[in-house]
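*Asks:* please find the sequence and the predicted model below.
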Amino acid sequence: MGYVRSRKFCCCLPVRLGVFVLSTLITLLGGLVAVVSWLEVKKLQDDPVSDKAPTYIQAAIFTLLTLVGGFGLIGCIAKQRALVAMFGTALAIHLGFSVASGIYTIYTLYKRDETALMSNCIINSDEVDAAARCRNGLRLLKIIVVVAYSLSWLVELWACLVINSYVKQLKDEEEANIVQPTAAIPSFYAPPAPHEPNAYPFTQANQSHGYQA
């Protein structure tokens with residue numbers, strides 16, 4: 001087997017370790033967010049807010065992310081380039097959908113009417129300054145949503161780069177395994193020298209003892 005240089009990320013860590021850690025985190029965190037999102041969807045059945053599409057989209061996106069992460073984890077453990085490449089492609093596609101849906105969610109969050117949300121929050125609160133607290137809480141929620149989406153996009157983009165590097169390493173290893181067995185075969189062919197009987201001069205008949213011309 002030929003030697004293939006192990007690709008690194010973060011200066012010294014092997015990319016296979018990176019793919020393993022990233023796929024594990026994506027599976028666990030994506031599953032956690034998906035569960036929370038679907039629970040939120042269930043609560044929205046009695047919520048006065050009419051636009052429920054962003055929450056449904058978020059739940060679906062993170063459910064898909066969980067499946068993609070599990071798929072990549074299997075490919076990393078098995079060292080199958082096809083599976084890892086499919087994981088990277090699926091993650092890149094998911095990143096595109098996540099950016100599109102995230103922008104739509106953030107836009108909807110900032111543009112929708114807050115009257116119903118504020119009224120519901122104030123009614124359920126017994127505090128004197130309930131209106132101010134509800135308003136500050138809504139602002140904080142908007143900031144958290146923007147930060148969460150931004151961080152998830154950066155992590156996914158970084159994960160795509162690490163996965164792509166690992167796919168290239170697996171390709172190099174496969175090519176080394178194919179080329180290496182033929183490396184020991186000479187690139188030229190030298191036929192054996194022809195054998196001539198009695199080539200040694202003193203074995204000729206005219207060199208024998210008692211020979212007379």
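*Replies:* Yep, that arrived.

*Asks:* give me the helices and strands touching the longest helix belonging to the chain, please.
*Replies:* For the chain, the helix with the greatest residue count under DSSP state H is helix 130-179. If you count contacts as 3 or more Cβ pairs under 8 Å, 6 or more residues apart in numbering; DSSP states H and E, helix 130-179 packs onto strand 8-9, helix 15-43, helix 81-111, helix 115-123. Where you see a C-beta, it was placed from the backbone N, CA and C, and this is true even at glycine.

*Asks:* with distance to Gly75 and mean pLDDT added, can I get the ones you listed in JSON lines?
*Replies:* Compiled in JSON lines, those are given as follows (distance: least, Cβ to Cβ, whole Å; pLDDT from 0 to 100):
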{"stretch": "strand 8-9", "distance to Gly75": "17", "mean pLDDT": "78"}
{"stretch": "helix 15-43", "distance to Gly75": "8", "mean pLDDT": "87"}
{"stretch": "helix 81-111", "distance to Gly75": "3", "mean pLDDT": "87"}
{"stretch": "helix 115-123", "distance to Gly75": "43", "mean pLDDT": "73"}
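
*Asks:* so can I have a markdown table of these showing mean neighbour count and distance to Ser165?
*Replies:* Putting the helices and strands packed on helix 130-179 into a markdown table (neighbours: other Cβ atoms under 10 Å; distance: least, Cβ to Cβ, whole Å) gives the following:
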| stretch | mean neighbour count | distance to Ser165 |
| --- | --- | --- |
| strand 8-9 | 16 | 7 |
| helix 15-43 | 17 | 5 |
| helix 81-111 | 16 | 10 |
| helix 115-123 | 14 | 45 |
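
*Asks:* out of these, nearest to Glu175?
*Replies:* With Cβ to Cβ as the measure, helix 81-111 is the member of the helices and strands packed on helix 130-179 nearest Glu175 (10.8 Å).

*Asks:* relative to helix 130-179, how tilted is the closest one?
*Replies:* Angle, helix 81-111 to helix 130-179, by axes from the mean of the first three to the mean of the last three Cα atoms, to 10 degrees: 160 degrees.

*Asks:* packing partners of helix 81-111?
*Replies:* helix 15-43, helix 53-78, helix 130-179.

*Asks:* now these as JSON lines including distance to Thr89?
*Replies:* Below are these laid out as JSON lines (distance: least, Cβ to Cβ, whole Å):
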{"stretch": "helix 15-43", "distance to Thr89": "14"}
{"stretch": "helix 53-78", "distance to Thr89": "10"}
{"stretch": "helix 130-179", "distance to Thr89": "9"}
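
*Asks:* tell me which of the ones you listed sits nearest to Gly102.
*Replies:* Of the helices and strands packed on helix 81-111, nearest to Gly102 by Cβ to Cβ is helix 130-179, at 4.1 Å.

*Asks:* how much distance is there from that closest one to the middle of the chain?
*Replies:* Offset of helix 130-179 from its chain centre (Cα atoms, centre = their mean, to the nearest Å): 10 Å.

*Asks:* please apply the same query to stretch 34-46.
*Replies:* On Cα atoms, centre = their mean, the centre of stretch 34-46 falls 28 Å from the chain's centre.

*Asks:* output that stretch as PDB, restricted to C-alpha atoms.
*Replies:* Only the C-alpha atoms of stretch 34-46 are listed here, as PDB (Å, rounded to 0.1, in the frame of the first residue of the first chain):
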ATOM      1  CA  ALA A  34     -35.700  19.300  15.400                       C
ATOM      2  CA  VAL A  35     -37.400  18.000  18.500                       C
ATOM      3  CA  VAL A  36     -37.700  21.500  19.900                       C
ATOM      4  CA  SER A  37     -39.100  22.800  16.600                       C
ATOM      5  CA  TRP A  38     -41.700  20.100  16.300                       C
ATOM      6  CA  LEU A  39     -42.800  20.800  19.900                       C
ATOM      7  CA  GLU A  40     -43.100  24.400  19.000                       C
ATOM      8  CA  VAL A  41     -45.200  23.400  16.000                       C
ATOM      9  CA  LYS A  42     -47.500  21.600  18.300                       C
ATOM     10  CA  LYS A  43     -47.900  24.600  20.500                       C
ATOM     11  CA  LEU A  44     -48.700  26.800  17.500                       C
ATOM     12  CA  GLN A  45     -52.000  25.100  17.100                       C
ATOM     13  CA  ASP A  46     -53.400  27.300  19.800                       C
END
